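*Asks:* Sequence first, then the predicted structure, then my questions.
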2 protein chains.
Amino acid sequence: MSEETTTETAAETTAKSGTAPSRRSLIGWGGAGLALGAVAAGGTAAALRTGSDAVPAALSGDAVPFHGTHQAGIATPVQDRLHFAAFDVTTGDRDALIALLKEWTAAAALMTAGHEVGEGTAGTQPEAPPDDTGEALGLKPSRLTLTFGIGPGLFEKDGKDRFGLKSRRPKALIDLPAFPGDNLDAARSGGDLCVQACADDPQVAVHAIRNLARIGMGKVAIRWSQLGFGKTSSTTPDAQTPRNMLGFKDGTRNIAGTDTAALAKHVWVGEKDGPEWMVDGSYLVARRIRMHIETWDRTSLKEQEDIFGRDKVEGAPQGKQRERDEPNLKAMLPDSHVRLAHPDSNGGATILRRGYSFTDGTDGLGRLDAGLFFLAYQRDVRDGFVPVQTRLSRNDALNEYIQHVGSAVFAVPPGVRDKGDWWGKALFS
Amino acid sequence: MSEETTTETAAETTAKSGTAPSRRSLIGWGGAGLALGAVAAGGTAAALRTGSDAVPAALSGDAVPFHGTHQAGIATPVQDRLHFAAFDVTTGDRDALIALLKEWTAAAALMTAGHEVGEGTAGTQPEAPPDDTGEALGLKPSRLTLTFGIGPGLFEKDGKDRFGLKSRRPKALIDLPAFPGDNLDAARSGGDLCVQACADDPQVAVHAIRNLARIGMGKVAIRWSQLGFGKTSSTTPDAQTPRNMLGFKDGTRNIAGTDTAALAKHVWVGEKDGPEWMVDGSYLVARRIRMHIETWDRTSLKEQEDIFGRDKVEGAPQGKQRERDEPNLKAMLPDSHVRLAHPDSNGGATILRRGYSFTDGTDGLGRLDAGLFFLAYQRDVRDGFVPVQTRLSRNDALNEYIQHVGSAVFAVPPGVRDKGDWWGKALFS
């Protein structure tokens, strides 16, 4: 058979699949909310096109609502897996950036509801690249949340006010000070924009970041990204606190996602805080914390427990029985981690932690490149991460076994309120 | 309160938790099979010590049996997540290596059954490092399998017969030839030993590799390791074939783990194949295949489908309706992936694929370092991977979008038969 004949056959196949989508393609596109007639008439593309108002309701209870007062992915119960990406904005064109943010928002609304981006991949336009990369086709929403943040570089970079936003930079969005022991890699730090993708299925989180990167081609480029394989924090009071790569439960006394008073006090930007475009938003600090696990593993159990201020198996504060017992800070070594990180040691400073463990292969010296990708949300970085980390970086007994190798800070705007809203709209208006 | 007093309190706590383990510590140690009396008398350590015969039965149906004719993790239904590690043997002492392999085997038997290594972490010896790193304490077995392999370097390295094994190297364990397009990174290739850890919970897989590395300190060092976030193959005929990072179902027609005839023909080393120590074992080829997903995402759907020889949504071979329909190879382009990889194009060469998708951050150029970590088992590398990859590397239309950047080959011995057996025993006997 000649090559020409073969090609024809393939084209026929493609054409056929474009006009009669399989059951799976309907599922992938969110067919549940669509009349079959519309699909047969080629209506799928229109109904699900990025930016359309016709996004059907979530396919299953596995979806976290995208629209709301606050962005999802902060107070939301912590999902199992993470893909986090920081982007550099490579365009200097304000209108192009705004267009991208609108497109991203529409894509995020679709993907978090378990749909594909744009027309799907069933070949309504076989001669064009698919609007979605396709590797999440047939997968459930998996509680995907996409949380968007804005780094200092969007307001000013290299002394330039690229987008006329310099005067709108929140005072709370500071450049983090240098902390003792920091060993930051510029290639794993900073970023003009960020998206935190959390989901129970890693393929869903990876797919979401990849599609946003694809949509942003020519306007943004991924500066760094981090996969997290296991959550280390819980925002659900009755859930087990997961263990970090040192084998300990840490962050037990986290802010609960249901504790609206604590969220209002420590996490959400209030009306009096300003600026107006950030009200109901939050500030995110991301730190890549490498753990020297080989050294840690040679440390005695007693020393490990003294360093943390907890027992290892139960996770109880030293001198207590249960993980969630109120710690007696004075029963712990002065430089123990729990004692130093406790709000009482930091003038009440409290942050919402949402970190993930990572393992990124080896470091060339036969050691696992593993640790904690620390994510913390707060109402003001100056009252949250900065006082806590100032104290920890100076005194924490744990410092012998960890090193901060990446750092970034982002303003996380309020939630997208409705179909007419988009990520950053209030900032650009 | 003085520091001294504080220390005393901590020590008391530790001592207490050592003699009265919490419910969770019992669960972590596999307490279900243990009488409480034995625990109270400090019997836990003895019962669960590495090498002991008293390993209780699995805690839940989530455990895959460790002992058997073949190693688990080959024909076993593919688990969701992977942590794969290749080790260099750093000791030249044959007895030390044998001692390590015995210790590894005992630890693997414990961990795959959902137990901790050694005495657990509850402080029976608070002044010593814990025998287990602890981060999987309280987690289920999660279908963990640990599959052990031996690389060419154990038989001969730099012209030296380090362990007196040179004459025992199987003929089927060849050094892979260079294939067109290979761009192999030595730091991600090779290895004297390997362990493939597969589990449904990534923390369980990461924990297992880390503990084996810890046990091997001073005798072996991790040369490279790879985390896989999502399986790309299925060895279960009725399961959906997962999608790879190009959005396609690939490896649909894999060998089923229940197809004993196909396994005997294509995967397990037979008595006539030899050498004797490899009978019921297999050979593993590992390839880190980087996918240029940004370029792929700009390719038209039609071209993508032509390159694979499948439709994207359903995964059906071109010209067919369903994923598992028998492909009509002549309906595909001559250089399409499915056509070239099919046994009919390779003199019947058939391999059992068990690959995983990976995403390891970015490559410094704003592109995701993502792709397929390809794992394939076969009865003889010369009749399996080599003919298939020879053809693919020369002709596959997919080569424009992928690049092989890491490579390794291992002899995978038969299963550990019983408590007296250990990884590689027949080789060293």
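*Replies:* Sure, I can see it. A quick note: this is a predicted structure, and the numbers were derived from the prediction, not measured.
*Asks:* ok and the residue in the stretch 151-300 of chain A nearest chain B?
*Replies:* residue A:247 (2.7 Å; Cβ to the nearest Cβ). Glycine gets a C-beta too; all of them are placed from N, C-alpha and C.
*Asks:* Same question for the stretch 51-200 of chain A.
*Replies:* For the stretch 51-200 of chain A, Cβ to the nearest Cβ, closest residue to chain B: residue A:134, 2.7 Å.
*Asks:* unless I'm mixing things up, that residue is touching residue B:244, no?
*Replies:* No: using Cβ atoms under 8 Å, residue A:134 is not in contact with residue B:244; the gap is 9.8 Å.
*Asks:* So those two - more neighbours on which side?
*Replies:* Set residue A:134 next to residue B:244 and count neighbours by other Cβ atoms under 10 Å in any protein chain shown: residue A:134 wins out with 28 against 25.
*Asks:* tell me the secondary structure for the more buried one?
*Replies:* coil (DSSP: H, G, I helix; E, B strand; the rest coil).
*Asks:* how much space is there between it and residue A:112?
*Replies:* Distance, residue A:134 to residue A:112, by Cβ to Cβ, to the nearest Å: 17 Å.
*Asks:* all helices for chain A, in order.
*Replies:* A:3-19, A:23-29, A:36-40, A:43-48, A:94-112, A:202-215, A:260-266, A:293-296, A:301-308, A:337-341, A:385-395, A:425-428 (DSSP state H).
*Asks:* re earlier: the closest residue in space to the residue of the stretch 51-200 of chain A closest to chain B that isn't next to it in sequence: neighbouring residues, count only.
*Replies:* When the adjacent residues along the chain are set aside, residue A:134 lies closest to residue B:247, with 2.7 Å between them (Cβ to Cβ, 6 or more residues apart in numbering or on different chains). By other Cβ under 10 Å, 24 other residues sit near residue B:247.
*Asks:* Could you verify my assumption that residue B:247 touches residue A:130?
*Replies:* Yes: if you go by Cβ under 8 Å, residue B:247 and residue A:130 touch, sitting 7.4 Å apart.
*Asks:* Quick check: chain neighbours aside, which residue is closest to the residue of the stretch 301-429 of chain A found nearest chain B?
*Replies:* Across the stretch 301-429 of chain A, the shortest distance to chain B (Cβ to the nearest Cβ) belongs to residue A:366, at 3.3 Å. Leaving aside its sequence neighbours, residue A:366 sits nearest to residue B:221 (Cβ to Cβ, 6+ apart; 3.3 Å).
*Asks:* is that neighbour in a bridge, and if so with what?
*Replies:* Note on residue B:221: beta-bridge partners by DSSP bridges are residue B:88.
*Asks:* quick one, what contacts it?
*Replies:* Counting by Cβ atoms under 8 Å, 6 or more residues apart in numbering or on different chains, residue B:221 touches A:366, B:87-88, B:90, B:213.
*Asks:* just these: which has the poorest pLDDT?
*Replies:* Lowest pLDDT among those: residue A:366, with 82.
*Asks:* so how far is residue B:85 from that one?
*Replies:* With Cβ to Cβ as the criterion, residue A:366 and residue B:85 are 10 Å apart.
*Asks:* ok, now residue A:114?
*Replies:* Residue A:114 is 35 Å from residue B:85, by Cβ to Cβ.
*Asks:* And for residue A:86?
*Replies:* Residue A:86 is 29 Å from residue B:85, by Cβ to Cβ.
*Asks:* how about the strands in the stretch 201-350 of chain A?
*Replies:* A:220-228, A:230-231, A:282-291 (DSSP state E, counting those that start in this stretch).
*Asks:* Report the angle between the last one and helix A:385-395.
*Replies:* The one in question is strand A:282-291. With axes from the mean of the first three to the mean of the last three Cα atoms, to 10 degrees as the basis, strand A:282-291 and helix A:385-395 are set at 20 degrees to each other.
*Asks:* Without its sequence neighbours, what residue ends up closest to residue A:376?
*Replies:* residue A:351 (4.2 Å).
*Asks:* Tell me the pLDDT of that neighbour.
*Replies:* The model's pLDDT for residue A:351 equals 96.
*Asks:* you'd agree it is up against residue A:386?
*Replies:* No: counting by Cβ under 8 Å, residue A:351 does not reach residue A:386; the two are 10.2 Å apart.
*Asks:* who has more neighbours, these two?
*Replies:* Set side by side, residue A:351 and residue A:386 show more neighbours around residue A:351, with 28 against 20, by other Cβ under 10 Å.
*Asks:* Against residue B:69, how distant is the more buried one?
*Replies:* 53 Å.
*Asks:* what sits against residue A:284?
*Replies:* A:147, A:149, A:194, A:196, A:375-377, A:409-410, A:412.
*Asks:* Neighbour count, distance to residue B:255 and pLDDT added to those residues, as TSV?
*Replies:* Shown next, in TSV, are those (neighbours: other Cβ atoms under 10 Å in any protein chain shown; distance: Cβ to Cβ, whole Å; pLDDT from 0 to 100):
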residue	neighbour count	distance to residue B:255	pLDDT
A:147	27	42	98
A:149	28	46	98
A:194	24	43	98
A:196	29	40	98
A:375	28	42	98
A:376	25	47	97
A:377	30	48	98
A:409	24	50	98
A:410	28	47	98
A:412	24	48	98
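*Asks:* Would you mind listing what in the stretch 251-400 of chain A touches chain B?
*Replies:* A:293-294, A:296-302, A:304-306, A:311-314, A:316, A:318-319, A:330-334, A:357, A:359-362, A:364, A:366-368, A:370 (Cβ under 8 Å from any Cβ of the partner chain).
*Asks:* Using ChimeraX, define a selection of the buried residues within those residues.
*Replies:* The buried residues among these can be selected in ChimeraX (16 or more other Cβ atoms under 10 Å in any protein chain shown) with this line:
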select /A:293,294,296,297,299,300,301,302,304,305,306,311,312,313,314,316,318,319,331,332,333,357,359,360,361,362,366,367,368,370
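*Asks:* so what's residue A:39 scoring on pLDDT?
*Replies:* At residue A:39, the model reports a pLDDT of 30.
*Asks:* same question, residue A:363
*Replies:* 85.
*Asks:* nearest spatial neighbour of it, skipping sequence neighbours?
*Replies:* residue A:369 (4.7 Å).
*Asks:* Leaving out sequence neighbours, find the closest residue to the residue nearest the centre of chain A.
*Replies:* In chain A, the residue lying closest to the centroid (Cα atoms, centre = their mean) is residue A:196, at 1.8 Å. With Cβ to Cβ, 6+ apart as the criterion, residue A:196 has its nearest non-adjacent residue at 4.2 Å, and that residue is residue A:147.
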